[in-house]
Structure formats: C-alpha cells, structure tokens
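Visitor: Sequence and predicted model, in that order:
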Amino acid sequence: MTADCRKHKKRCGRDGIRIMDNGNKKTKVLIIDDDPYISEMYLLKFKEAGFDVGGGL
C-alpha cells in the first residue's frame, strides 16, 4: 500500500493503483502509449482488476 493510500484512507490495489467506487458502473480507463508491449501490459492489468479498458497508440 502506498503512503498516499494510507494517508487518505483510500482503497488501493496491491500494486498501488487507486480504486474509486463508482457504484455498480465499471470505471473506464483509456491507455495510450507508443510502446505496444507496455500498452498491452497495462491493458491486461486493468482488465484483470475489473475495469472497462480501451487502448490506443
């Protein structure tokens, strides 16, 4: 857990990504990166965490 998550008592994943409660809606994330490997890595990471993910280069 990151210091920011502890300080503000926010819900964070084990990797320190801040998770906001959106009720029943899935939070949408858009990933834009010029490196396809990095983009795909984050796309999978956020999908596994339950986010609605889109990507672009």
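Guide: Arrived safely.
Visitor: ok, residue 30 touching residue 46?
Guide: No. With contact defined as Cβ atoms under 8 Å, residue 30 does not count as touching residue 46 (10.0 Å). Bear in mind the C-beta positions are built from the backbone N, C-alpha and C, glycine included.
Visitor: Need the overlap of contacts for these two.
Guide: Listed contacts common to residue 30 and residue 46 are residue 53; contacts here mean Cβ atoms under 8 Å, 6 or more residues apart in numbering.
Visitor: Residue 55 should be in a helix, yeah?
Guide: No. The secondary structure assignment for residue 55 gives strand rather than a helix, going by DSSP: H, G, I helix; E, B strand; the rest coil.
Visitor: Could I get the contacting residues of it?
Guide: Counting by Cβ under 8 Å, 6+ apart, residue 55 has contacts 30-32, 39-40, 43.
Visitor: What is the most widely separated pair among those residues?
Guide: Across these, no pair lies farther apart than 30 and 40, at 14.3 Å, counting by Cβ to Cβ.
Visitor: Who has more neighbours out of those two?
Guide: Ranked by neighbour count (other Cβ atoms under 10 Å), residue 30 and residue 40 place residue 40 first, with 13 against 9.
Visitor: Mind listing the residues bridging to the closest residue to the more buried one other than its chain neighbours?
Guide: For residue 40, ignoring the flanking residues on the chain, the nearest one in space by Cβ to Cβ, 6 or more residues apart in numbering is residue 55 at 7.7 Å. With DSSP bridges as the criterion, residue 55 is bridged to residue 31.
Visitor: Distance of residue 55 relative to residue 27?
Guide: Plainly put, residue 55 is 15 Å away from residue 27 if you go by Cβ to Cβ, to the nearest Å.
Visitor: next one: residue 52
Guide: Using Cβ to Cβ, one gets 7 Å for the distance from residue 52 to residue 27.
Visitor: what stretches of the protein score poorly on pLDDT?
Guide: Along the chain, segments meeting pLDDT under 70 span 1-24, 56-57.
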